[in-house]
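> My questions concern the predicted model and sequence given below.
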Amino acid sequence: MNIYPPIEQRFSPFEFYSLMRKNNPVAFDEVNEQWGLYRYRDIEKILREPIKFSSKFGPFQVPQEYQENLNRPSLLNTDPPYHRKLRTIVDTLFVPIEISKLEPRIENIANELIDNIIEKDSATMDLITDFAYPLPATVIAELLGVPSEDQDTFRQWADNIVSLEITSDSDIDSIRKANKTVADMDIYFSKLIEKKKKMPTNDLISHIIRARVDGHSLSEKEILSFCSLLLNAGHVTTVNLIGNLVLSLLENPQEFKRLQENQNSLIKAAIEETLRYRSPVQFLFRIANADVTLSEEREGGRAGDEERVQIQKIQKGQGITLFLGSANHDESIFTDPERFDITRKNLRHLGFGTGIHFCLGAPLARLEGQIALRIILERFEKLQFNFDNSDRQDLHTKVSPLKSSFLLGLSHLPLRFQSKNNR
């Protein structure tokens with residue numbers, strides 16, 4: 001059984017997820033030899049048990065010669081106690097109180113980007129290229145201490161990595177391209193690391209170079225792993241958060257109007273509902289450290305039938321794909337989950353995961369999303385799709401989804417706008 005949504009449903013996999021939760025909530029993919037889990041409670045439980053379910057599971061199924069680059073150890077795929085040691089190096093830098101200090105600079109970057117859009121005098125923009133991408137890319141570049149003018153290169157690197165298919169369907173050319181991308185990133189950061197060893201500055205890379213784990217400095221490979229992870233993870237998720245947020249608001253004009261009328265109280269809520277409704281990260285990986293038994297409850301075949309319960313046994317060493325995008329639409333957790341509702345209460349989404357691997361950059365992504373949305377509302381009188389959206393059922397065919405099974409987002413979103421005279 002194929003546990004992944006069909007390619008044509010990549011940007012709208014929710015019907016597929018619904019069917020899997022109903023009929024195959026614990027499914028085995030014989031081709032890729034992995035399990036797929038779709039229910040909120042199963043996924044949350046596994047994410048909170050790092051001893052039973054290891055993160056030391058390289059997601060890309062690639063030939064052995066490419067494993068070292070494409071599945072190298074990092075914060076994402078290491079277990080305690082080593083994971084804890086790595087995380088303490090940067091944890092204190094990403095706590096909300098520290099991230100809040102970046103607010104003025106993020107506001108300035110966002111306003112400068114909007115100024116550039118308005119100065120084109122065309123009343124049109126590509127939200128992703130003109131705003132959603134350069135905002136977090138510039139922020140993370142400044143935090144890391146890398147030149148923000150290299151952000152076009154960063155985007156190409158990120159595109160090459162995230163477009164590599166997780167499953168065994170990846171063609172060898174894509175694998176080679178991704179492998180070369182990692183090699184190019186290593187060359188780039190190796191030169192930068194050498195400079196910062198000689199002349200350290202107040203940035204993340206200099207901080208990581210100075211860091212000690214059990215009294216020892218990190219190896220160059222460990223530093224390179226940190227650099228590439230923070231660069232890519234530090235902006236890719238936020239790009240998709242902003243794009244998915246604006247798309248969802250325009251797709252649901254009643255929610256957009258509600259937000260415009262209650263900005264102060266609903267901006268944060270709109271961010272959280274987007275993280276649930278169109279989660280930028282669609283799934284995570286774990287591997288069973290021991291045999292595990294899960295019950296697979298299914299609805300009865302006829303009206304009035306009781307649920308059928310089937311026991312599924314996951315064997316030690318088998319891989320497990322945890323579909324966060326499905327968990328965040330689970331009917332047993334969220335009322336009317338297929339509705340985008342920015343007034344939703346008790347929003348326990350798994351958009352950033354949970355447990356020890358809860359997303360390090362969540363406070364930064366949230367702050368960037370909130371500032372981006374506030375400034376969009378402040379600077380634009382009207383905002384609408386720059387294409388015919390009369391057939392709303394066909395919307396996903398008119399935007400440009402990412403070519404990724406792992407991330408849900410857009411590569412382009414053409415918009416029309418009318419600016420306000422308030423700057």
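All right, it came through fine. Numbers count the residues shown, from 1 in each chain.

> how about the strands of the protein, start to end?
26-29, 34-37, 53-54, 124-126, 212-213, 216-217, 283-288, 292-298, 308-314, 319-323, 380-385, 400-401, 410-412, 414-419 (DSSP state E).

> will you turn these into CSV that also has mean neighbour count?
Glycine gets a C-beta too; all of them are placed from N, C-alpha and C. Formatted as CSV, the strands of the chain follow (neighbours: other C-beta atoms under 10 Å):
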stretch, mean neighbour count
strand 26-29, 18
strand 34-37, 24
strand 53-54, 21
strand 124-126, 18
strand 212-213, 12
strand 216-217, 10
strand 283-288, 22
strand 292-298, 15
strand 308-314, 13
strand 319-323, 24
strand 380-385, 15
strand 400-401, 16
strand 410-412, 19
strand 414-419, 17
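
> Turn these into CSV, including distance to residue 244 and mean pLDDT.
Below are these laid out as CSV (distance: least, C-beta to C-beta, whole Å; pLDDT from 0 to 100):
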stretch, distance to residue 244, mean pLDDT
strand 26-29, 26, 93
strand 34-37, 23, 94
strand 53-54, 28, 95
strand 124-126, 15, 95
strand 212-213, 36, 82
strand 216-217, 39, 84
strand 283-288, 16, 93
strand 292-298, 30, 74
strand 308-314, 31, 77
strand 319-323, 17, 94
strand 380-385, 14, 92
strand 400-401, 11, 87
strand 410-412, 7, 93
strand 414-419, 14, 94
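
> which one of those lies closest to residue 238?
Residue 238 lies closest, by C-beta to C-beta, to one member of those: strand 410-412, at 13.1 Å.

> so how far is that closest one from its chain's centroid?
How far strand 410-412 lies from its chain's middle: 14 Å, per C-alpha atoms, centre = their mean, to the nearest Å.

> Could you list the paired strands of that strand along with their orientation?
Next to strand 410-412 in the sheet, as set by DSSP bridges, lie strand 400-401 (antiparallel).

> neighbours around residue 261, how many?
Residues lying near residue 261 (other C-beta atoms under 10 Å) number 9.

> gap between it and residue 410?
Distance, residue 261 to residue 410, by C-beta to C-beta, to the nearest Å: 26 Å.

> do the same with residue 177
Note on residue 177: its distance to residue 410, by C-beta to C-beta, is 21 Å.

> Repeat that for residue 121.
Residue 121 is 25 Å from residue 410, by C-beta to C-beta.

> quick one: low-confidence ranges for the stretch 201-350 of the chain?
Low-confidence regions of the stretch 201-350 of the chain, defined by pLDDT under 70, span residues 296-310.

> quick one, helices of it?
204-210, 220-251, 253-261, 263-277, 324-327 (DSSP state H, counting those that start in this stretch).

> Residue 271 is in contact with residue 366, correct?
Yes: with contacts counted by C-beta atoms under 8 Å, residue 366 reaches residue 271, the gap being 6.0 Å.

> avg pLDDT for stretch 139-155?
The average pLDDT within stretch 139-155 is 88.

> Check stretch 361-374 too.
Here the average pLDDT along stretch 361-374 is 97.

> Can you name the residues in contact with that stretch?
Residues outside stretch 361-374 that contact it (C-beta atoms under 8 Å, 6 or more residues apart in numbering) are 94-96, 99-100, 102-103, 106-107, 110, 131-132, 135-136, 139, 233-234, 237-238, 241-242, 245, 263, 267-268, 270-271, 274, 352, 359.

> likewise stretch 412-420?
Residues from elsewhere that reach stretch 412-420, judged by C-beta under 8 Å, 6+ apart: 117-118, 123-129, 132, 243, 246-247, 250, 378-387, 399-400.

> And stretch 272-284, by the same measure?
Contacts of stretch 272-284 (C-beta under 8 Å, 6+ apart): 13, 47, 166, 236-237, 240-241, 244-245, 247-248, 321-325, 328-329, 334, 340-342, 344, 347, 349-353, 357, 369, 405-409.

> Just the CA coordinates for that stretch, please, in PDB.
What follows is stretch 272-284, C-alpha atoms only, in PDB (Å, rounded to 0.1, in the frame of the first residue of the first chain):
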ATOM      1  CA  GLU A 272      -1.700  29.000  14.500                       C
ATOM      2  CA  GLU A 273      -4.700  28.000  12.300                       C
ATOM      3  CA  THR A 274      -2.500  28.000   9.200                       C
ATOM      4  CA  LEU A 275       0.100  25.800  11.000                       C
ATOM      5  CA  ARG A 276      -2.800  23.400  11.500                       C
ATOM      6  CA  TYR A 277      -4.700  23.700   8.300                       C
ATOM      7  CA  ARG A 278      -1.800  23.800   5.800                       C
ATOM      8  CA  SER A 279       1.100  22.500   7.900                       C
ATOM      9  CA  PRO A 280       4.400  23.500   6.100                       C
ATOM     10  CA  VAL A 281       6.000  20.200   7.300                       C
ATOM     11  CA  GLN A 282       3.800  17.300   6.300                       C
ATOM     12  CA  PHE A 283       5.500  14.400   8.000                       C
ATOM     13  CA  LEU A 284       8.400  13.200  10.200                       C
END
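
> tell me which residues of stretch 185-199 are tucked away?
Residues of stretch 185-199 classed as buried: 185, 186, 188, 189, 192, 193, 196 (neighbour count, 16 or more other C-beta atoms under 10 Å).
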